[in-house]
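Undergrad: Return a 3D structure for these sequence lines:
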Amino acid sequence: MSKVIAAEYLTLDGVMENPAWTAPYFNEELGEFQGELMASADALLLGRVTYEAFAGVWPNMPDAPGADIMNRLPKYVASRTLQTAGWNAEIMQGDVAATVARLKQEPGHNLLIFGSGQLVEYLRQHGLIDTYRLMVFPLVLGGGQRLFTTEIGSDFKLVSSHTTSTGVLVLTYERA
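TA: Okay, here's the model as predicted:
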């Protein structure tokens, strides 16, 4: 059975919105963590906003680290408004939770989510997120969209942690 992994960039105060603030802290070390995660994925799950942002950039950067994997992976997009999608993507129609549950049953490795805060929250509420890879950056923004927007309880166990040379904490949690 596949796992759903949510890989999220966060500030110390839990903000995940518009992660341009990651640039000063992103280095080869963090890139290797992200590369390993992408290499273990069979597909991406994306919300519409993240899909549109990624689809507007990644196909135009074929030589960027990880672009070969990012561009070739199948993508499943949760959207109520998109009618069509390019970039090797399929729009999930109808019950997104049921679609993701079905995808988890298919043979393979992992279904990876980058960003896509509303999708992550929706899938969490349906018990479909298996692993959180949280990259916590050493800054505070004071406002913006947060990863967890409703009470979640203490249903996680820390599986691994690493601190990069730029002070980013890479934390991997699984459901307890």
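
Undergrad: Could you list which residues are in contact with the residue minimising distance to the centre of the chain?
TA: In the chain, the C-alpha nearest the mean C-alpha coordinate belongs to Phe114, at 2.0 Å (C-alpha atoms, centre = their mean). Applying C-beta atoms under 8 Å, 6 or more residues apart in numbering, we find Phe114 in contact with 7-8, 44, 46, 50, 54. All C-beta spots, glycine's among them, are computed from the backbone N, C-alpha and C.

Undergrad: partner residues bridging it?
TA: In this entry, Phe114 is beta-bridged to Ala7, by DSSP bridges.

Undergrad: Please report the distance of it from Asp155.
TA: 22 Å (C-beta to C-beta, to the nearest Å).

Undergrad: where do the helices sit along the protein?
TA: 28-39, 48-55, 67-72, 96-105, 117-125 (DSSP state H).

Undergrad: any chance of the ones you listed in CSV, plus mean pLDDT and distance to Phe148?
TA: Shown next, in CSV, are the helices of the chain (pLDDT from 0 to 100; distance: least, C-beta to C-beta, whole Å):
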stretch, mean pLDDT, distance to Phe148
helix 28-39, 92, 20
helix 48-55, 95, 17
helix 67-72, 93, 26
helix 96-105, 96, 18
helix 117-125, 93, 7
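
Undergrad: just so I know, which of those lies nearest Leu82?
TA: Leu82 sits nearest to helix 48-55 of all the helices of the chain, at 5.8 Å, using C-beta to C-beta.

Undergrad: returning to that earlier point: same list, the helices of the chain, but as a markdown table with mean neighbour count and distance to Leu12 please.
TA: Converted to a markdown table, the helices of the chain look like this (neighbours: other C-beta atoms under 10 Å; distance: least, C-beta to C-beta, whole Å):
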| stretch | mean neighbour count | distance to Leu12 |
| --- | --- | --- |
| helix 28-39 | 15 | 16 |
| helix 48-55 | 19 | 22 |
| helix 67-72 | 15 | 27 |
| helix 96-105 | 16 | 30 |
| helix 117-125 | 20 | 17 |
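
Undergrad: what bits of the chain have low per-residue confidence?
TA: Flagging of the chain using pLDDT under 70 yields the residue ranges 152-154.

Undergrad: still on that earlier bit, wait, which of the helices of the chain is closest to Ala85?
TA: Closest among these, using C-beta to C-beta: helix 48-55, at 7.0 Å.

Undergrad: What sits closest to Glu90 if chain neighbours are left out?
TA: Tyr76 (5.7 Å; C-beta to C-beta, 6 or more residues apart in numbering).

Undergrad: Residues in contact with stretch 99-109: which ones?
TA: Applying C-beta under 8 Å, 6+ apart, the contact partners of stretch 99-109 are 1-4, 40-43, 45, 76, 92-93, 111, 123, 126, 128.
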